[in-house]
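>>> quick one, what's the 3D model for this:
(chains A and B)
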Amino acid sequence: MRRMSSWGRLSALPHDVVELSDRATVAAALARSRPGIAYGLGRSYGDVCLNPGGTLWRTAGLDRLIHFDASTGRLICEAGVVLRDIQNLFLPRGWGLAVLPGTQLVTVGGAIANDVHGKNHHGSGTFGDHVLSIRLQRSDGEEIVCGPAERPDWFAATVGGLGLTGLIVEAELQLRRVPGPWLEAETIAYAGLDAFFRLSDESHPAWEHTVSWIDCTSGGAGGDAGGDAGRGLFLRARPAAVQQGAWRARRLAMPVSPPISLINRLTLKPINQLYWWLNQRHLGPRIVHYQPFLFPLDAIAGWNRAYGPAGFYQYQCVVPRENAPAVIASLLAEIGRSGAGSVLAVLKTFGERWPPGLLSFPQPGTTLALDFHNHAGVEALFERLDALVVAAGGRLYPAKDARMPRAMFEAGYPRLGEFVRYRDPGISSAMSRRLMGG
Amino acid sequence: MRIVVIGATSAIAEHCCRVWVQRTACDLLLVARDASKAERVAQDLKVRSPTSTVEVATLDFLDATAIGRLAERAAASTPVDIVLIAHGSLPEQRLAEADLALCRSTVEVNAVSPALFAEAFAAQLAKAGRGTLAIIGSVAGDRGRKANYIYGAAKGFIERYAEGLQHRFAGGPVAVVLIKPGPTDTPMTATVKARGGRPAPVEEVAQTIVRGIDAKWPSFYVPARWGMIMLVVRNLPRVVFNRLNI
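This next block holds a predicted model:
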């Protein structure tokens, strides 16, 4: 038994870890050790990849590329391949992944099972929108190949299916042509949520990537901090016309976990203030490498340790567009009142297209994501936030979740009833037991 | 660059191959026991480096005649630049104590077989008057410990053996490199991880191995910190050592 955690480090409980390293023996390994759940790089925040006391099928060793067609950009690979490796290998050949989440240190299998999205959701949809085919190993030995056209019902269940429909062994991905790694980026300071929505709307046709940082300590939309109310930075980027320059990844690391969270009630406001001031010199247009723009936190290995031994929660919700301005303002006001909150409060408006998976998270609307260090009283805050999200017809992102109530999951994911028919009875996770009762 | 990798389906060997083909197009011969697994590794390397050539050969790793023929054939057309002997098998010590057949195969796979390959290729490199022969040993070979002495003894044999080859080729055109990895995050070290050990990432280990082979370091630990750790372990007085539960 081996102690395993997810990215939020809320627990480190013993698991029976089975290392998968040969795709030919996956079926036998599953039959031997079920029930279990697939574990890639452990980058999801909550319990979607955990199964305390039971089996974890670790897929990091399933990291072989199988075929690449240089004329069409179709890549077939095993599920444990890391998105970073695909980028590093194919960008020099003029191809890249169409959708990249906020870290490139996730596996292809994890990206499909959580149907991840990126800063270009408004134009490119989710990761699953670019998956052509999935080879799924069921724990009873059956193998299912599915895609948007082939057995589309299985595909819809597996994309965003939280790893519960079978173990994803291989996938075929549609890469897209990329002119190079350089982006033309612009950072715009704004005050108030109205400004955020205006910037979002006017940026969406012309800018491939948009995202916004909001200072959750600055008093929300109509808050108490005077001129700083709801201040934020709007970041947008698109491929640069001229693709040249030298870039070296900066690698910092958080080597140990401090005894208490470095982000807490006392430090939160100064850190947000510092972030705001540090970014003042970056305002305006500039040319940046895609990595620091898309994955700012990948520069600090093990940044999750900063939250100390108790770990942290991420709360990421999406609310439909029509209610978004008011609901986001209420959420920020609630968080502001609690004194808790995040250095990494992120706001983004999703595109209009619905995602391919029955349980995919994105929907037309606005998403807000915040980290909270694990402390007494945080659950009470979450319950108040839940009430606002549910009332607005929104939902939470399972990949980030460790605590949402089952009723909220059922309310937010109306296609759950369809989904459960595709579950593999030999697969179970802490999350599936918490949210689906088995 | 022509490279022959013995035990090419081992995680460390496979990652070394990835480092090599990512640097420059290579001419690789992957030698393995399991043909279909080796083909999957070859396929991966060809996607990573479409201009590399990757060939697979399979044989019985204890068949001295077959090993001799393979080495001859491998060096026949083009002289070999690097031979990496990477295969090995780490059983649970208690099982190897209880099962003499497992005890024997552990010694055969980790000591006898690498020596046969090394000897066969040493002859070819000597004939060509060039090349680097790299063998993967282990920190486990530095001192016999109750936790893994059957495997450790075989790896200790590799160290003496490499030392002898280095003596034989001293000052000559053939370089012999002994690599001593600490626990690495591969399927082989599941029990280490279960005990709470934090093995080194295999990508980093492979990077260092390739660098060491380039520089023809005679003997080195990966990660380097194991050099310090094993210095202490080797020099602990027996009365102290025998009381430790390691």
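>>> flag the shaky bits of the stretch 201-350 of chain A, pLDDT-wise.
A:219-229 (pLDDT under 70).
>>> just the helices from it, written as ranges.
A:268-280, A:290-294, A:324-338 (DSSP state H, counting those that start in this stretch).
>>> check chain B too.
When secondary structure is read from DSSP state H, chain B shows helices at B:11-23, B:35-48, B:64-76, B:93-98, B:100-107, B:113-128, B:149-168, B:190-194, B:202-215, B:225-235, B:238-241.
>>> tabulate the ones you listed in TSV, adding columns for mean pLDDT.
TSV is the format used below for the helices of chain B (pLDDT from 0 to 100):
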stretch	mean pLDDT
helix B:11-23	97
helix B:35-48	97
helix B:64-76	97
helix B:93-98	94
helix B:100-107	97
helix B:113-128	97
helix B:149-168	97
helix B:190-194	79
helix B:202-215	97
helix B:225-235	93
helix B:238-241	92
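>>> which one of those is the most hemmed in?
helix B:11-23 (a mean of 22; mean count of other CB atoms under 10 Å in any protein chain shown). C-beta: built from backbone N, CA, C; applies to glycine.
>>> can you list contacts of that one?
Residues outside helix B:11-23 that contact it (CB atoms under 8 Å, 6 or more residues apart in numbering or on different chains): A:21, A:61, A:89, B:1, B:3, B:5-8, B:26, B:28, B:30, B:41, B:44-45, B:48-49, B:52, B:84, B:86-87, B:136, B:181, B:184, B:186-188, B:202-203, B:205-207, B:209-210.
>>> about what we covered before: out of the helices of the stretch 201-350 of chain A, which comes closest to B:Glu108?
B:Glu108 lies closest, by CB to CB, to one member of the helices of the stretch 201-350 of chain A: helix A:290-294, at 47.2 Å.
>>> chain center to the closest one: distance?
15 Å (CA atoms, centre = their mean, to the nearest Å).
>>> how about residues contacting it?
A:100, A:102, A:104, A:118-119, A:181-183, A:185, A:209, A:235, A:237, A:247, A:249-250, A:298-299.
>>> swap in 6 Å and give it another go.
A:100, A:181, A:183, A:185, A:237 (CB atoms under 6 Å, 6 or more residues apart in numbering or on different chains).
>>> nearest to chain B, of these?
A:Pro181 (16.8 Å; CB to the nearest CB).
>>> doesn't A:Ala249 make contact with the closest one?
No. Assessed by CB atoms under 6 Å, A:Pro181 is found out of contact with A:Ala249, at 11.2 Å.
>>> the more surrounded of those two?
Between A:Pro181 and A:Ala249, counted using other CB atoms under 10 Å in any protein chain shown, the more crowded position is A:Pro181 (19 against 10).
>>> got the residues of chain B near chain A?
B:37, B:40, B:44, B:47, B:187, B:190, B:193-194 (CB under 6 Å from any CB of the partner chain).
>>> reformat the helices of the stretch 201-350 of chain A as a markdown table; add mean neighbour count.
Shown next, in a markdown table, are these (neighbours: other CB atoms under 10 Å in any protein chain shown):
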| stretch | mean neighbour count |
| --- | --- |
| helix A:268-280 | 14 |
| helix A:290-294 | 20 |
| helix A:324-338 | 20 |
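>>> which ones are touching B:Gly227?
Taking CB under 6 Å, 6+ apart as the test, what B:Gly227 contacts is B:Tyr221.
>>> next one: it relative to A:Phe127, how far apart?
Remark: distance between B:Gly227 and A:Phe127 (CB to CB, to the nearest Å) = 43 Å.
>>> one more: B:Thr78?
43 Å.
>>> likewise A:Glu19?
For A:Glu19 relative to A:Phe127 (CB to CB), the value is 25 Å.
>>> look at those two and report which has more neighbours.
A:Phe127 (32 against 21).
>>> surely that one touches A:Val99?
Yes. Between A:Phe127 and A:Val99 there is a contact under CB under 6 Å: 4.6 Å.
>>> narrow the contacts of helix A:290-294 to those in strands?
Judged by DSSP state E, the subset of these located in strands is A:183, A:185, A:237.
>>> most neighbours among those, please name it.
Neighbour-wise, the ones in strands among the contacts of helix A:290-294 (other CB under 10 Å) top out at A:Ala237, 26 neighbours.
>>> what's the closest non-adjacent residue to A:Leu344?
Nearest residue to A:Leu344 in three dimensions, chain neighbours excluded: A:Asp371, at 5.2 Å (CB to CB, 6 or more residues apart in numbering or on different chains).
>>> what's the helix or strand where that neighbour lies packed up against?
Assigned by DSSP states H and E, A:Asp371 falls within strand A:366-373. Packing partners of strand A:366-373 (3 or more CB pairs under 6 Å, 6 or more residues apart in numbering or on different chains; DSSP states H and E): strand A:312-319, strand A:346-349.
>>> between these, which gets nearest to chain B?
strand A:312-319 (21.7 Å).
>>> give me the contacts around the closest one.
A:8, A:45, A:327, A:363, A:365-374, A:389, A:392, A:394, A:396-397, A:400.
>>> change it to 8 Å
Contacts of strand A:312-319 (CB under 8 Å, 6+ apart): A:8-10, A:45-46, A:261, A:263, A:304, A:327-328, A:331, A:350, A:361-363, A:365-374, A:378, A:382, A:385, A:389, A:392-397, A:400-403.
>>> going through those, which ones are buried?
Among those, those classed as buried by 16 or more other CB atoms under 10 Å in any protein chain shown are A:8-10, A:45-46, A:261, A:263, A:304, A:327-328, A:331, A:350, A:361-363, A:365-374, A:378, A:382, A:385, A:389, A:392-397, A:400-403.
>>> mind checking how far A:Pro258 is from A:Pro309?
A:Pro258 is 8 Å from A:Pro309, by CB to CB.
>>> same check, this time on A:Leu56
22 Å.
>>> and for A:Asp69?
For A:Asp69 relative to A:Pro309 (CB to CB), the value is 48 Å.
>>> stretch A:22-39 near chain B anywhere?
Yes. On the criterion CB under 8 Å from any CB of the partner chain, stretch A:22-39 is in touch with chain B at A:22-24.
>>> what average pLDDT does that stretch get?
When pLDDT is averaged over stretch A:22-39, the result is 96.
>>> got the end-to-end distance for it?
15 Å (CA to CA, to the nearest Å).
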